[in-house]
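Enquirer: When you get a sec, could you give me coordinates for this:
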Amino acid sequence: MGYRLIKRILIISITLMIFGCAKEPGIGGNSSISGQIILKKYNSSMTQIVGTYPAADHYVYIVYGDHVGYDKRIKTDYDGQFEFNYLYPGNYKIYTYSTDSTGSVISGQVPVIVNIDLQKKEHHEIPKMYIFE
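Expert: Prediction:
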């Protein structure tokens, strides 16, 4: 009877050690996500594009897993590029804000969102994100 109890405790302990070590999305891993934000500048009536260029010094946000609110915020460089480094595998949401080109949102701003399922030791480059102003 004592041997069976010890064996069960040992099995449960090993199982918890194996499955309890799984890392959730966030900082501390060896994966990364990068991308570029491109700004399409419109005239004042939002009817004609007057220029397209990299969105320098524009905020980009990352959400780890199913967290509410953003976990980290960075600005793009002079070429509209950004990178989030040292991430564990998991699901991430990258987003930024754009002027609403339809005029249907009261705040005038809409999110541009990309969802990513990041793997171990992966560098994930997302497609260009286009925003309007």
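
Enquirer: in stretch 34-49, what's buried?
Expert: With burial defined by 16 or more other Cβ atoms under 10 Å, the residues of stretch 34-49 counted as buried are 35-37, 39-40, 42. Heads up, the C-betas are built off the backbone N, CA and C, glycines and all.

Enquirer: Report the distance from it to the chain centre.
Expert: How far stretch 34-49 lies from its chain's middle: 22 Å, per Cα atoms, centre = their mean, to the nearest Å.

Enquirer: Over to stretch 124-133?
Expert: Distance of stretch 124-133 from its chain centroid, counting by Cα atoms, centre = their mean, is 12 Å.

Enquirer: In strands, which of the buried residues of stretch 34-49 appear?
Expert: Here DSSP state E is the test, and the buried residues of stretch 34-49 give 35-37, 39-40, 42 as lying in strands.

Enquirer: Now for those residues: which two are most distant?
Expert: Using Cβ to Cβ, the two most remote members of these are 35 and 42, lying 22.1 Å apart.
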